[in-house]
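Asker: take this sequence and fold it.
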Amino acid sequence: MKTDNEKALENVPMFEEKTLWGKIRGYVIPVLSLSIFVLLWEAFARSGLVDMRLLPPPSQVFETLWELSGPGDGERPPYLMIQHTMYTLYRLIVGYLICVVLCTALGLLLGINQRVYEWVNPIVAFFMPIPSFTLVFVVILWLGLGSKTVIVTVVIGASFPIIYNAAAGVRSAQQKMIWAAQLMGCSRFQVFFKVLLPGAMGYIIAGQKLALGRAWRAVIGGEIFASTTFGLGFMIHDASTFLDTRGMFAAIITVGITGLIMENLLFRYVEKHTVERWGMVTTKRL
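Answerer: Alright, predicted model coming up:
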């Protein structure tokens, strides 16, 4: 006679077989969700409840976005939106890569050294909740206006999530795993790279995801206040100054689309070749 537990285990599938809907729902649902939002925006903007000069419908915004991304019609410079986007991405990438290298190393050091953690962690905890754009004015006093100020703002905004999560990932490692590696004759170097670092990778990636979001907001905020020529933030500020609401919303939509693409493409690839490949995450739900 089988027990109730054995009968229950027989009904649990070992492998989840995905249907066609299961394979495409991750793409269909976001598209439908955004489409519904755009339709509601279009209906509200054309309802007469709000001045269309202040809230243009998305059909006009996308038309403007198309014009700004093309060769132009004489009134606007050619490929203006692409130029603004490239400047913003350059500032973001430079600042973010500095954080990824330096702050990940500092976070790992905090995780493996208790004394360094005790001294540095209070500083990280203090600066973590401070919005990065509040420090833009301080950086402007130090460096003036321009790309350097924007890049430093990105570094400040992205640093602390990377440091905190990298340290937390190392400190979350189970002591018995470290003991097991040491009993097998692993050196400190091998324990770090074969036990601590792979175990902390989920935390590290999560911290860099948070940091990318903060860096993206920081670069836009920095450009609004400190950029003098190009950048999506500069474009938003410039368009609002001249009441060009279509251009302003076109830049805002470009910010959202670009950030969404970066996060999904970059980190989906990283997760697939690290924590998912190592079997450290699961898509199962209770």
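Asker: below-threshold pLDDT in this structure: ranges please.
Answerer: 1-18, 72-76, 267-286 (pLDDT under 70).
Asker: how about the helices in this protein?
Answerer: Taking DSSP state H as the criterion, the chain carries its helices at 4-10, 20-45, 58-69, 80-112, 114-127, 136-143, 147-171, 175-183, 188-191, 197-226, 232-241, 245-272.
Asker: out of these, which gets nearest to Met52?
Answerer: Of all the helices of the chain, helix 20-45 sits nearest to Met52, with 5.9 Å by C-beta to C-beta. In short, each C-beta sits where N, CA and C put it, glycine included.
Asker: surely Pro161 and Ala215 touch.
Answerer: No. The pair formed by Pro161 and Ala215 falls short of the contact definition of C-beta atoms under 8 Å, at 9.4 Å.
Asker: these two - which one has more neighbours?
Answerer: Remark: of Pro161 and Ala215, Ala215 carries more neighbours, 31 against 24, as counted by other C-beta atoms under 10 Å.
Asker: ok, now which ones touch the closest residue in space to the more buried one that isn't next to it in sequence?
Answerer: With C-beta to C-beta, 6 or more residues apart in numbering as the criterion, Ala215 has its nearest non-adjacent residue at 3.9 Å, and that residue is Ala158. Taking C-beta atoms under 8 Å, 6 or more residues apart in numbering as the criterion, Ala158 is in contact with 95-96, 99, 103, 211-212, 214-215, 218.
Asker: make it 7 Å
Answerer: By C-beta atoms under 7 Å, 6 or more residues apart in numbering, Ala158 lies in contact with 95-96, 99, 211, 214-215, 218.
Asker: against Ser132, how distant is it?
Answerer: Taken as C-beta to C-beta, to the nearest Å, the spacing of Ala158 relative to Ser132 amounts to 8 Å.
Asker: list residues touching both of the two?
Answerer: Taking C-beta under 7 Å, 6+ apart as the criterion, Ala158 and Ser132 both touch 214, 218.
Asker: the residue nearest to Met52 when sequence neighbours are not counted: neighbour count?
Answerer: Excluding its sequence neighbours, the residue lying closest to Met52 (C-beta to C-beta, 6+ apart) is Ala45, at 5.9 Å. For Ala45, the count of nearby residues is 20 (other C-beta under 10 Å).
Asker: what sits against Ala45?
Answerer: 52, 55-57.
Asker: pull out the buried members of the residues you listed.
Answerer: Neighbour counting over the contacts of Ala45 (16 or more other C-beta atoms under 10 Å) leaves 56-57 as the buried ones.
Asker: could I get the contacts of Ala45 as a markdown table with distance to Asn264?
Answerer: Rendered in a markdown table, the data for the contacts of Ala45 read as follows (distance: C-beta to C-beta, whole Å):
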| residue | distance to Asn264 |
| --- | --- |
| Met52 | 32 |
| Leu55 | 28 |
| Pro56 | 27 |
| Pro57 | 27 |
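Asker: quick check: the farthest pair among the contacts of Ala45?
Answerer: Farthest pair in the contacts of Ala45 (C-beta to C-beta) is Leu55 and Pro57. Separation: 7.9 Å.
Asker: quick check: the residue lying closest to Leu210 once chain neighbours are set aside vs Thr104, distance?
Answerer: Spatial nearest neighbour of Leu210, excluding adjacent residues (C-beta to C-beta, 6+ apart): Pro161 at 4.0 Å. Counting by C-beta to C-beta, the gap between Pro161 and Thr104 amounts to 11 Å.
Asker: cool, Phe137 as well?
Answerer: Separation of Phe137 from Thr104 (C-beta to C-beta) stands at 28 Å.
Asker: the two: which has the busier surroundings?
Answerer: Looking at Phe137 and Thr104 with other C-beta under 10 Å, you find the greater number of neighbours at Thr104, namely 19 against 11.
Asker: correct me, but that one touches Ala166?
Answerer: Yes. With contacts counted by C-beta atoms under 7 Å, Thr104 reaches Ala166, the gap being 5.3 Å.
Asker: overlap of the contact sets of the two?
Answerer: By C-beta under 7 Å, 6+ apart, the residues touching both Thr104 and Ala166 are Ile204.
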